[in-house]
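>>> structure for this input, please:
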Amino acid sequence: MPRQTAAVRSMPASRLSAIDWDRALADLDAAGHAVVPGLLDAAKCGAVARLYDQPDAFRSHIVMQRHGFGQGEYRYFAYPLPELVTRLRETAYPPLARLANTWNERLGAAGEYPPTLAAFTAQCHARGQTRPTPLLLKYGSGDYNRLHQDLYGDLYFPVQLVVLLSEPDRDFTGGEFVLTELKPRMQSRVDVVPLRQGDACLFAVNHHPARGTRGYYRAGMRHGVSQVRSGHRMTLGVIFHDAR
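Below you'll find the predicted structure:
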């Protein structure tokens, strides 16, 4: 099992309980994304980023250029996940699941997300989706990530979380987190989400409900990272569904 520092093992309950979920969920509901400032402190960001150099912590290593995903690389964590990542997923899932069920109701989608991550993970495994999806992404100068969606199977959770582990303008320049929203018969709208080290962004994986004149409809979402101009950028991606 990979060695985890105390900073990776511990995640103070006070920091997680301090999340203003009412505001975060309202922003996510309205725009398809929401920023959670200061989710991780600098020490934890550094400790999580250093896990990248422990290959035993991961199940696979992807070089983006080989697959046409962009330039850069990332590694998917293996089970058991680092305790900090596990705690983030287990704590964030219940309030997000409540919103996800509201989204399903608005869109007339079948099914209901269970109240706990463990129950949802059991559903994934029953469908043959057993591989963990949280990941660390590493970018150097000139690297970028094309617009995409992280679905990984027939069953997916509609919201995911990213945490910026590096400090803009100190560790890297460029490398902005980018979201696009596509509404029917309209051109895409682009959001460049300003993040500092330790900030998180919650965002819709595939689509979110948008209100129109005839009720709610699906607004498609994609995300990516603009080109890093200098330095190195590290990101933690927290996805709630497992992959095939």
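
>>> and Arg185, that's in a helix?
No - counting by DSSP: H, G, I helix; E, B strand; the rest coil, Arg185 is not found in a helix; it is coil.

>>> just give me the neighbour total for it.
4 (other CB atoms under 10 Å). To be clear about C-beta, it is placed using only N, CA and C from the backbone, and glycine gets the same treatment.

>>> got a list of what it touches?
If a contact means CB atoms under 8 Å, 6 or more residues apart in numbering, then Arg185 has no contacts.

>>> so what's Thr102 closest to, chain neighbours aside?
Asp29 (7.6 Å; CB to CB, 6 or more residues apart in numbering).

>>> what about that neighbour, which helix or strand?
helix 21-31 (DSSP states H and E).

>>> buried residues in that helix?
By neighbour count on 16 or more other CB atoms under 10 Å, the buried set for helix 21-31 is 21, 24-25, 27-29, 31.

>>> same for it, what does it pack against?
Contacts defined by 3 or more CB pairs under 8 Å, 6 or more residues apart in numbering; DSSP states H and E place helix 21-31 against strand 33-36, helix 83-107, strand 200-204.

>>> deepest-packed of those, please.
Most buried of the helices and strands packed on helix 21-31, by mean neighbour count (mean count of other CB atoms under 10 Å): strand 200-204, with a mean of 24.

>>> right, and the helix or strand after that strand?
Next along the chain after strand 200-204, taking DSSP H and E as the criterion, comes strand 207-212.

>>> now that next one: average pLDDT?
For strand 207-212, mean pLDDT rounds to 94.

>>> so what strands line up beside that strand?
strand 215-225 (antiparallel) (DSSP bridges).

>>> what ranges of this structure fall below the confidence cut-off?
Along the chain, the parts satisfying pLDDT under 70 run over 1-17.

>>> spell out for me which residue occupies the centre of it.
Most central in the chain under CA atoms, centre = their mean is Leu161, positioned 2.8 Å from the mean C-alpha point.

>>> gap between that residue and Arg170?
Distance of Leu161 to Arg170, computed by CB to CB, to the nearest Å: 23 Å.

>>> same question, Arg50
On the measure of CB to CB, Arg50 and Arg170 end up 17 Å apart.

>>> comparing the two, which shows the higher neighbour count?
More crowded of Arg50 and Arg170, by other CB under 10 Å: Arg50, with 15 against 10.

>>> where does that one land in three-state SS?
Arg50 - assigned by three-state DSSP - is helix.

>>> what's the answer for Ala119, then?
The three-state assignment at Ala119 reads helix, by three-state DSSP.

>>> what residues are up against it?
Ala119 neighbours (CB under 8 Å, 6+ apart): none.

>>> and Gly215, by the same measure?
Arg106.

>>> for the residue nearest to Thr102, list the residues it contacts.
99, 102-103, 208.

>>> rerun that using 10 Å as the cut-off
The contact partners of Asp29, taken as CB atoms under 10 Å, 6 or more residues apart in numbering, are 99, 102-103, 106, 204, 208-209.

>>> what about stretch 227-236, start to end distance?
Start and end residues of stretch 227-236 are separated by 18 Å (CA to CA, to the nearest Å).

>>> distance from that stretch to the middle of the chain?
Stretch 227-236 sits 16 Å away from the centroid of its parent chain (CA atoms, centre = their mean, to the nearest Å).

>>> wait, the residue nearest to the centre of the chain touches Leu202, no?
Yes - using CB atoms under 10 Å, Leu161 makes contact with Leu202 at a distance of 5.5 Å.

>>> overlap in contacts, the two.
34, 36, 92, 96, 238.
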